[in-house]
Structures are given as structure tokens and as C-alpha cells.
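Asker: pasting the structure only:
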């Protein structure tokens, strides 16, 4: 199976490898799950002045700001609880842009918490992204998903019913 790694896969990678496999095999989480709906609403209603939902290859950028000669790519999230996974997603976007010759900086936005976090793609973080891309592809190639492992994220996961049944 050949597929392109997406930002959603990269975000899931740091949280749950089983979720990565499910997403890679087009098994969609419960779209009516309250946390998915809340996240969608926050994304749609925050930072409306900025250019939003820019599609680039297999990437969808939440917002793009161009200030002077600098491009800022923003990722809007409901909460900073999963800031590390959101950072990996944004780093993946910065990496994809760099591969196309576009230099940009990133920023995570947590509007409900009124927090922001600057994200820059360093050589070390780029190596981490490449390693994650390779591991995501490897996980997706397996015939069966990784074994279920209960973690704190399970209680708010859109795959909860699937994994725990």
C-alpha cells in the first residue's frame, strides 16, 4: 500500500500508533464525537481575518499570514494538552513547504487558552520528522493494527468505541 503521510497522521503518531494504522487504512473516527465537533467549531470560528484552509499537496494549512517577507503557518488547536503532537503536525507542514522551496515559520494557536507557541524547523527537528514519516509508513504497511494500549487520550478519542469494543 502506497500512501502519502498527512498532518493528521503525523499528529496521531505521537499519541497512538494504533490510531495511525486506523487512519492510514481509511477508518474514520466518529465525526459526531463531541471533541471532534468542538475542535471543528474552534477551527472554523477562530482567526477569521487570516487566510484559512490553504491546500498544498497532501497538506491543509489552518491559516497563513504573510508579514513583510515572512510566511507564518498557523495550526489552531482546541487545547495545549496535546501540544507535542500539534507541534509535530506543524513541523511536518514546515518540512513539506521546505521540500518545495518555501521557507516559513510556524505558530500553534490555542484560542480557548489564549496561548500561542512559535515553532521552527531546525535540522534536528527535521531529522525527527523524517524518522516519524518512515515509521508511519511502516505502521501502515502492517496487515493488522498495533495492539490496543489504553492511554489517557483514549477517554476523548473518536476511535474509542472501535478500540474498546
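Answerer: That came in fine, so what should we check first? Just so it is clear, the structure is predicted and the values come from calculations on it, not from any experiment.

Asker: could you pull out the helices in this structure for me?
Answerer: Using DSSP state H, the helices assigned to the chain run over residues 7-13, 17-24, 34-45, 83-99, 123-141, 160-164.

Asker: how far off centre is the longest one?
Answerer: Spelled out, it's helix 123-141. In terms of CA atoms, centre = their mean, to the nearest Å, the centre of helix 123-141 is found 14 Å from the chain centre.

Asker: likewise for the last one?
Answerer: A distance of 21 Å separates the C-alpha centroid of helix 160-164 from that of its chain, computed with CA atoms, centre = their mean.

Asker: buried stuff in that helix?
Answerer: Burial within helix 160-164, assessed by neighbour count using 16 or more other CB atoms under 10 Å, is assigned to 160, 162, 163. All C-beta spots, glycine's among them, are computed from the backbone N, C-alpha and C.

Asker: quick check, the first one in contact with residue 154.
Answerer: Yes - with contact defined as CB atoms under 8 Å, residue 160 reaches residue 154; the gap is 5.9 Å.

Asker: ok so, going back, what's the closest of the helices of the chain to residue 56?
Answerer: helix 83-99 (7.0 Å; CB to CB).

Asker: tell me what the closest one is packed against?
Answerer: The helices and strands touching helix 83-99, judged by 3 or more CB pairs under 8 Å, 6 or more residues apart in numbering; DSSP states H and E, are helix 7-13, strand 59-67, strand 70-76, strand 105-110, strand 115-119, helix 123-141.

Asker: kindly compare burial across those and name the winner.
Answerer: Most buried of the helices and strands packed on helix 83-99, by mean neighbour count (mean count of other CB atoms under 10 Å): helix 7-13, with a mean of 23.

Asker: give the rounded mean pLDDT of that one.
Answerer: Model confidence over helix 7-13 averages 93 on the pLDDT scale.

Asker: what of stretch 71-78?
Answerer: The pLDDT scores in stretch 71-78 average 88.

Asker: ok, residue 124 to residue 93 distance?
Answerer: If you measure residue 124 against residue 93 using CB to CB, to the nearest Å, the figure is 17 Å.

Asker: cool, thanks, signing off.
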